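J.: Quick check, what structure comes out for this input:
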Amino acid sequence: MIVILCRNRVTLSFWLLLTIVSAIRYEVGTDYPNYVNLFYDIRNGFETYLHMEPFHFAINGFANYAGMGPQFVFFVYAILTSFFFALFYYKMSTLSVVVDAKMVFALCTILYLGNYYFLSLNSIRSCLAASLYVLGLYYFIHRKSFFTLLAFVIGSFIHFSLIPIAIMTCVLLKFIFPVKRKTFIICITIVLLNPLSLVAYIFVNYKLMYYNYFLSDTYAVPATFIGQLSAYGGVAMALVFYYFFMVKIGIHDKRIKGVFQLSVILFIAFRVFSNELFIFARMSRYFSPVLYFFIAYSIAYFIKYKIRANSKSLALLGFAAILNLLNIIMFVPRGLDDASYRNYKINYCILTKEICDVSIDTAK
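T.: Numbering: from 1, shown residues only. Purely as a prediction, here's the structure:
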């Protein structure tokens, strides 16, 4: 059974299904109407959108030139995002012969589905940029500097937020990471103490420029149970799997170790800082896909070396069930707040302006 569940053909077929569902969705997702309005604003030449990233302008411009509607824009983003993320996980899963690469690829897919897929239905630009960012990290591990730089540059044309992330990544991986265990612990301790809260206190107390950003709930992660669970649950999971990976498995390749440490520290930092400024929650999405791979690798390693041969299939099913349960706990409450998810619609007219919508009621 474990062989059947972890065949690349099965996993790739699932990625194809995710791509189709994302590509032909209609009026699904909080940001869907915003991108539709943006499509027509760009067509009408509104100057307020001249700061938009070149890639988004190009896709919308091509759709208008070819006589297609906004559905084509979602189609392109869905295809590219799924392709680059699937390519990243497929290639990363083959880095080591210690564990079953097919199992790692399958587990990465489960983690991606529950923790990133629905995000990619909304923030289509930044998620596509993130897919190129992680692919650039893969090329960095393989010492292909040109392709790393190319992936970062192209991603920056898709979403400008990748520019500071790419610069920070290149500098830190070149001159600082990997670091020793004590240095890593010190960095994590500082991050968990949330020094940004002190900065926020100073700005608010002395009413410095832009201090209102720290006062408005619009710029902070909502203090709901699910919101806090998402932030600190992700932080706790990152630390647990970092300990398991570094202590129990170990990383001998310095570049892999550097990418892992950098991703953990920056992911935790941005998740913690997001309680002061929401923009940091958006920045953390560049690093969470990297952590999915290391979590999947850790699980595959544990199943192979810590579970008896006759219990491996059961252990795999157990981990899959736990991961899916966590996905449900974290994302179903949020999905229920968006009525579009309760009444899923598709539009299979991609290459025309027509809307061929089919409604699938999921409210019951």
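J.: what about the stretch 1-150 of the chain, any weak spots by pLDDT?
T.: Across the stretch 1-150 of the chain, the ranges flagged by pLDDT under 70 are 1-6, 47-50.
J.: quick one, helices of it?
T.: Ranges of helices within the stretch 1-150 of the chain are 2-5, 8-23, 32-43, 54-65, 71-93, 101-112, 118-122, 124-141, 145-158, based on DSSP state H, counting those that start in this stretch.
J.: how far off helix 32-43 does the fifth one point, in degrees?
T.: Translated: helix 71-93. Per axes from the mean of the first three to the mean of the last three C-alpha atoms, to 10 degrees, the angle that helix 71-93 makes with helix 32-43 is 120 degrees.
J.: longest helix of this structure?
T.: helix 312-336 (DSSP state H).
J.: before we move on, the earlier item: can you list the helices of the stretch 1-150 of the chain in a markdown table and add mean neighbour count?
T.: For every residue, glycine as well, the C-beta is placed using N, CA and C. Converted to a markdown table, the helices of the stretch 1-150 of the chain look like this (neighbours: other C-beta atoms under 10 Å):
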| stretch | mean neighbour count |
| --- | --- |
| helix 2-5 | 12 |
| helix 8-23 | 16 |
| helix 32-43 | 16 |
| helix 54-65 | 17 |
| helix 71-93 | 22 |
| helix 101-112 | 24 |
| helix 118-122 | 19 |
| helix 124-141 | 25 |
| helix 145-158 | 19 |
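J.: out of these, nearest to residue 177?
T.: Comparing these against residue 177 with C-beta to C-beta, the closest turns out to be helix 124-141 (11.0 Å).
J.: Could you list every helix and strand that the closest one packs against?
T.: Judged by 3 or more C-beta pairs under 8 Å, 6 or more residues apart in numbering; DSSP states H and E, the packing partners of helix 124-141 are helix 71-93, helix 118-122, helix 145-158, helix 162-175, helix 254-273, helix 288-306.
J.: now the ones you listed in JSON lines, with distance to residue 53?
T.: Formatted as JSON lines, those follow (distance: least, C-beta to C-beta, whole Å):
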{"stretch": "helix 71-93", "distance to residue 53": "12"}
{"stretch": "helix 118-122", "distance to residue 53": "16"}
{"stretch": "helix 145-158", "distance to residue 53": "6"}
{"stretch": "helix 162-175", "distance to residue 53": "10"}
{"stretch": "helix 254-273", "distance to residue 53": "21"}
{"stretch": "helix 288-306", "distance to residue 53": "20"}
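J.: So which of these is nearest residue 54?
T.: Of all the helices and strands packed on helix 124-141, it is helix 145-158 that lies closest to residue 54, at 5.0 Å by C-beta to C-beta.
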